[in-house]
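1. quick one, structure for this:
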Amino acid sequence: MGFNVMVGQSGGPTAVINASLAGIFQNAIRRGADHVYGMRNGIQGFLEERLADMSEVIRSNLDFEILKRTPSSFLGSCRYRLPQPQEDEAPFRRIFDLLKKYDIQAFFYIGGNDSMDTIDKLSRYGAWIGSPIRFIGVPKTIDNDLELTDHTPGYGSAAKYIGVVMKEIILDARVYGTPYVTLVEIMGRNAGWLTAAAALSVGDDCDGVDMICLPEIPFHVDRFIDKVAAMQKHNQSVVVAVSEGVKLEDGRYVCELSDDVRSKDAFGHTNLTGTARYLSNCIASSLKTKTRAIELSTLQRCAGHVTSRTDITEAYQVGGAAVKAAMEGFTGKMVAIQRISDDPYQVTTMLVDTADVANKEKKVPLDWIDENRTGMLQPYLRYARPLIQAELPPIYIDGLVQHIHL
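-> Below you'll find the model as predicted:
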């Protein structure tokens, strides 16, 4: 007997999120699904009944291979928080009416902390009304801050991009041999996994960045400037990787010290850009040196031309594992990655309760940060290096990378 499934993508995109979509699509079809429906713009689009039949847009092996290599969210995304059903049941009634209309047996949501909150609420509501539909979360986030999984698909490629770009920035910054401070702002609200990836720039051909500033460590602007001044006595060109989410001891984000106007999303998250620019101005006014602020911004999550084959492979695998879990009757679960060994690098998948993942954040272990609190130690490098290995070359047409879109 055939069956129908629903899949959506939510939150910030990654370079490999569509590999998970490909894994769900292909494995659902192989297991006998009649239709794999995609939600346009996540649960918010689903509430508006904006859907796409994946079989009508992925029609060939070439389409499938390009989908795996296409960054950003093929189906579109959203930042929409479902209410608690006891506070407002209307969205849940609407969702389950639509699931019944399309004869859905399994529902998959690819996303991060907030997306697992959606899966948790839907699975609990489904159990309350006696629905047989299975709800499974598929992990995704460049921030790598999901609990109960060794790492998150999307992080490896973002870390690879950061490592590559930091090496190039370091080469450029040291061209003139004059006093120069380069501050590179990297995403990361409360967890510094992405900024830590700047440590990957170290190698036989590169000394690496001079300082790494993570949100896990309280930030002191004056002490930071003093450290930069001390570093310039030995090396005129100083390159600093700073997380957008570095905070003062009182909990305020450093970027909030500037006069920039800041918006908030549906989950109450404040826009944090401008940290490097603010610190660059502070250094320029305190030290006799030229400064430059660089924001990697969305580039670190959409650079499909610098992806990790390991990351793409694992993103596809967690999508397939989600289909398997649903077909075996599981619900309210997220597929997690369990590391078996570092050398040789081996992982497997397991299921964890979404209630134990939703709205939680995994931070960088403090014992992976050096005693000066400005660099990463070997345990982090052993953890991260396997995630950036190998490449899956993009498909080029007429000299440019080819993508697929709705």
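
2. give the helix, strand or coil label for D34.
-> Classification of D34 using DSSP: H, G, I helix; E, B strand; the rest coil returns strand.

3. what residues does it make contact with?
-> G2, F3, N4 (CB atoms under 8 Å, 6 or more residues apart in numbering). (Glycine included, C-beta is placed from N, CA and C.)

4. and the spatially closest residue to M39 that is not a sequence neighbour, bridged to which residues?
-> Among residues not flanking M39 along the chain, G8 sits closest, at 3.5 Å (CB to CB, 6 or more residues apart in numbering). Using DSSP bridges, the beta-bridge partners of G8 come out as Y109.

5. how many neighbours does G8 have?
-> The local packing of G8 (other CB atoms under 10 Å) involves 29 other residues.

6. ok, back up a step: any chance of the contacts of D34 in JSON lines, with secondary structure too?
-> JSON lines is the format used below for the contacts of D34 (three-state DSSP):
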{"residue": "G2", "secondary structure": "coil"}
{"residue": "F3", "secondary structure": "strand"}
{"residue": "N4", "secondary structure": "strand"}
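
7. whichever of those residues end up buried, select them in PyMOL.
-> Filtering the contacts of D34 down to the buried ones (16 or more other CB atoms under 10 Å) takes a single PyMOL command:
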select buried, resi 3+4
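
8. where does confidence bottom out across the contacts of D34?
-> Of all those, G2 carries the smallest pLDDT score, 76.

9. I'd like to know how far the closest residue to that residue other than its chain neighbours sits from M54.
-> Nearest residue to G2, sequence neighbours excluded (CB to CB, 6+ apart): D34, at 3.8 Å. Per CB to CB, to the nearest Å, D34 is found 12 Å from M54.

10. likewise E371?
-> 51 Å.

11. tell me which of these two has more neighbours.
-> Taking other CB under 10 Å, E371 and M54 do not tie; M54 has more neighbours (25 against 7).

12. for the closest residue in space to the more buried one that isn't next to it in sequence, give me its contacts.
-> The shortest distance from M54 to any non-neighbouring residue, by CB to CB, 6+ apart, is to V36 (4.3 Å). V36 is in contact with N4, V5, V7, I24, F25, A28, I29, D53, M54, S55, counting by CB under 8 Å, 6+ apart.

13. redo those residues as CSV? Include secondary structure.
-> Converted to CSV, the contacts of V36 look like this (three-state DSSP):
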residue, secondary structure
N4, strand
V5, strand
V7, strand
I24, helix
F25, helix
A28, helix
I29, helix
D53, strand
M54, helix
S55, helix
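
14. which one of the residues you listed is nearest to E87?
-> Distance ranking of these against E87, using CB to CB, places V7 first at 26.9 Å.

15. and the closest one, what does it touch?
-> 21, 24-25, 36-39, 54, 75, 107-110.

16. go again with 7 Å.
-> For V7, the contact set (CB atoms under 7 Å, 6 or more residues apart in numbering) comprises L21, I24, V36, G38, F108.

17. doesn't K324 make contact with the second one?
-> So that's I24. No. With contact defined as CB atoms under 7 Å, I24 does not count as touching K324 (10.5 Å).

18. more neighbours: which of the two?
-> Shown here are I24 and K324; by other CB under 10 Å, I24 has more neighbours (29 against 15).

19. could you find the closest non-adjacent residue to the more buried one?
-> G319 is the one closest to I24 (CB to CB, 6+ apart), at 4.2 Å.

20. make sure I have this right: that neighbour is in a helix.
-> Yes. Assigned with three-state DSSP, G319 falls within a helix.

21. shaky segments in the stretch 51-200 of the chain?
-> Judged against pLDDT under 70, the stretch 51-200 of the chain has no low-scoring part.

22. show me where it has helices.
-> 54-57, 61-69, 90-101, 113-129, 155-173, 193-196 (DSSP state H, counting those that start in this stretch).

23. any idea which of the ones you listed is most buried?
-> When you average the neighbours per residue for each of the helices of the stretch 51-200 of the chain (mean count of other CB atoms under 10 Å), helix 193-196 leads with a mean of 28.

24. name the helices or strands packed onto it?
-> The elements that helix 193-196 packs onto, with contact taken as 3 or more CB pairs under 7 Å, 6 or more residues apart in numbering; DSSP states H and E, are helix 155-173, strand 211-213, strand 237-243.
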